[in-house]
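Colleague: sequence and predicted structure below; questions after.
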Amino acid sequence: MARELRGGAVGVGQVGAGRGRGRHGRVWVTHLALIVAILIISAPLLFALIKSTQISSDVLSPKLLPGGAFFDNLSGVWVDAKLGRYMFNSTVLAVSVTVGKTILSLLAALAFVYFRFPLKGLAFTLVLLSLMLPTEVLIIALFDLVSQDLKWADTYAAIIVPFLASATGTFLFRQHFMNIPTSLADAARIDGCGPLLYLTRILIPMSWNTIGALAVIQFVYAWDQYIWPLVILQNDDKQVVQVGLRRLIEVGGQTDWGAVMAGAIVTMIPPLIVFTALQKQFSRGFALTEDK
Amino acid sequence: MLKPAATRAQPTTEAEERAVFRGVALPWAFLLPSLLILAVFVYLPALQTLRLAAYRANVILGTERFVGLANFTELLLSPAYRQVALQTLVFTVLTVSLGLLSALGLAWLASRPIRGANTYRLLLIYPYALSPAIAGTLWLFLFNPEIGVVNQILGSLFDVRPRWLDTPSLAFGLVTLAAIWKGLAYNIVFYLASIQNLPGDVMEAAEIDGASGAQVFWRVAFPLLTPITFFLVFTNIIAALFDSFALTDILTKGGPYTGNAGATTFLVYQLYQDGFVNFKTGAAAAQAALMLALVAFITWMQFRVGERQVHYGA
């Protein structure tokens, strides 16, 4: 597979050249299909965006013209329904988990690639097998552990610490480090450079694409967390925004849908910012993993 | 679980060759944070889950009684649990197959050499920022029988206002569609990347030999995309099993009731209900143990298929 993909990278332009020839008549069908598909896919989002800007009397009407009430809708729930608090908590969670996972998996990959030590195979298998154990499957026992034994219920630690290790991250960095010539590390060591210095001065500057690609995945994963915060956090002061959406819908008897839509739109913004900021690293980081 | 390549691990051979730095304590010190977290928050709870599955326990009262395999036999004999398992299977098959087919089709179209292809690609992948909870929230409003825009349109055009969330078949279909919609961008990202890496010379050769567009797609491109398709099949199965929780929790709350259980109650939702709403810890732990076996089987299959793919292009 590796060879195929590498060979393919050269031929990207040729695909284009070959495909277009003699088929200009049908290009509009492709355009039409794509436009229709994108309209259908975007419809719920566009609808939410429009409704989030309408005044409350328009929200429940079939009217589909944007209004100017977005910030009114938002401010109604930002403080009263604690949306601002939820957004802050989710940001703390997602940033801590992303940074923590990156550091821990860089260190683990450093050990796996540049050291020889007893039981290395076992240690690696332990990291590998954790992929088979998603939180949902462990949730009953994890709840007992975190709430009864550690007494972490309603703390940030409960939603951050259990997620700091990353098998995916360790694999990706290991993969990436193994593609870096050993001579570099040899030269560094001969010059008296220790492993930690080598990591911070040489490996990390050479790994920004992988770090960026991973950060996007980890951030979105942490931001989307739902079931664990739902069960472990009883107090709304620490609750995350995904569960907060459920609270917004349930608030009082009458759901303020304009405000809920504004909340849903705001909830999408942080992942969009991360995705947009790291888009280059995201696609390059993927290309790197395909080499192996 | 990023790429099939990333999970194809060779623990000893390659890595062992490069023992650049010396020391036995140092590598363990680097591994310690990761291993400690995995031991305490993954492996310990996993073992504890297996233990709890053999007990009838109550978290609130703090009582525990050993019952052996009774929790498992009760589950497997329960018509409600069987229905939930069957619903999960149908839901998974539908979301994975329809989701991947539409993602592949759209990624293929957006990879054609047409004007604005970059814009199309961008518009197709930005819904990656959607979470299952947001998807549930939007669809709850869209398909609200009284105030939802879908029924307002259907009502004014055809004078029908289906009770989307109260009718078992409609609710099931709605959850399935929402899950496909939510997963589309993720699948398109991976298909786009793989299509761009297809060998252009092979496709061009096929075209010169007179293959039609459809033939190039099905006979040349589709077989070359099997590795990524397999990878996506597995990640999508896992997503259908687990990510569906937030979606159903907000959109349908597992309902509406039909037969012996809620029509959109899937395995994880049932686990959550038994563990955290009905406080039947033993039954929930037994379900968790069964799911653990299921995920282990799926992961094992993924590795086996992944291994076979190594020889694919050789």
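Modeller: Now that the structure is in, tell me what you want to look at. The structure presented is a predicted model; accordingly, all values stated were derived computationally and were not measured.
Colleague: which residues does B:Trp181 contact?
Modeller: Residues touching B:Trp181, when contacts are defined by CB atoms under 8 Å, 6 or more residues apart in numbering or on different chains, comprise A:41, A:44, B:127, B:135. Just so you know, the C-beta spots here come from the backbone N, C-alpha and C atoms, and that holds for glycine as well.
Colleague: out of those residues, who has the most neighbours?
Modeller: Highest neighbour count within the contacts of B:Trp181: B:Ala135, with 25 neighbours (other CB atoms under 10 Å in any protein chain shown).
Colleague: which ones are touching that residue?
Modeller: B:Ala135 makes contact with B:178-179, B:181-182, B:247, according to CB under 8 Å, 6+ apart.
Colleague: how about these, which pair is most distant?
Modeller: Maximum pairwise distance among these (CB to CB): 10.0 Å, between B:Trp181 and B:Leu247.
Colleague: in chain B, what residue is nearest chain A?
Modeller: Across chain B, no residue is closer to chain A than B:Gly200, which sits at 2.9 Å (CB to the nearest CB).
Colleague: count the residues that sit near that residue.
Modeller: Around B:Gly200 there are 22 other residues, counting by other CB under 10 Å.
Colleague: for the one 3 residues further on, same thing?
Modeller: Using other CB under 10 Å, B:Met203 is surrounded by 22 other residues.
Colleague: just the element for it, please.
Modeller: According to DSSP states H and E, B:Met203 maps onto helix B:200-208.
Colleague: helix or strand right after that helix?
Modeller: As the chain continues past helix B:200-208, the following element, by DSSP H and E, is helix B:213-215.
Colleague: and that following helix, which residues are buried?
Modeller: Residues of helix B:213-215 classed as buried: none (neighbour count, 16 or more other CB atoms under 10 Å in any protein chain shown).
Colleague: wait, A:Leu214 touches A:Thr102, no?
Modeller: Yes: the pair A:Leu214 and A:Thr102 passes the contact test of CB atoms under 8 Å, sitting 6.5 Å apart.
Colleague: counting neighbours, go ahead and name the busier of these two.
Modeller: Taking other CB under 10 Å, A:Leu214 and A:Thr102 do not tie; A:Leu214 has more neighbours (27 against 21).
Colleague: so what's that one up against?
Modeller: Going by CB under 8 Å, 6+ apart, A:Leu214 touches A:101-102, A:105, A:166, A:168-169, A:172-173, A:285.
Colleague: what are the buried residues along the helix or strand hosting it?
Modeller: Assigned by DSSP H and E, A:Leu214 falls within helix A:208-223. By neighbour count, with 16+ other CB under 10 Å as the criterion, the buried positions of helix A:208-223 are A:209-223.
Colleague: do stretch B:49-67 as well
Modeller: For stretch B:49-67, using 16+ other CB under 10 Å, the buried residues are B:49, B:52-57, B:59, B:67.
Colleague: any idea of the mean pLDDT in that stretch?
Modeller: Per-residue pLDDT over stretch B:49-67 has a mean of 80.
Colleague: and the end-to-end length of that stretch?
Modeller: Its start and end residues considered, stretch B:49-67 measures 14 Å (CA to CA, to the nearest Å).
Colleague: can you pull the residues that touch both of A:Leu214 and A:Thr102?
Modeller: Each of A:Gly169 lies in contact with both A:Leu214 and A:Thr102 under the rule CB under 8 Å, 6+ apart.
Colleague: which residue is nearest the middle of chain A?
Modeller: Of all residues in chain A, the one closest to the mean position by CA atoms, centre = their mean is A:Val220, 2.0 Å from it.
Colleague: let me know the pLDDT of the nearest residue to it once chain neighbours are set aside.
Modeller: When the adjacent residues along the chain are set aside, A:Val220 lies closest to A:Pro271, with 5.0 Å between them (CB to CB, 6 or more residues apart in numbering or on different chains). We have a pLDDT of 93 for A:Pro271.
Colleague: how about the strand or helix carrying A:Leu104 against chain B, any contact?
Modeller: Assigning secondary structure by DSSP H and E places A:Leu104 in helix A:83-114. Yes: for helix A:83-114 and chain B, the contact criterion (CB under 8 Å from any CB of the partner chain) is met by A:104-105, A:107-108, A:110-114.
Colleague: which of the residues you listed tops the neighbour count?
Modeller: Neighbour count (other CB under 10 Å) singles out A:Ala108 as the most crowded of those, with 29 neighbours.
Colleague: picking that back up, could the contacts of A:Leu214 go into CSV alongside pLDDT and distance to B:Leu225?
Modeller: Converted to CSV, the contacts of A:Leu214 look like this (pLDDT from 0 to 100; distance: CB to CB, whole Å):
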residue, pLDDT, distance to B:Leu225
A:Lys101, 96, 30
A:Thr102, 96, 31
A:Ser105, 95, 29
A:Ser166, 92, 28
A:Thr168, 88, 22
A:Gly169, 92, 26
A:Leu172, 88, 22
A:Phe173, 92, 27
A:Gly285, 69, 21
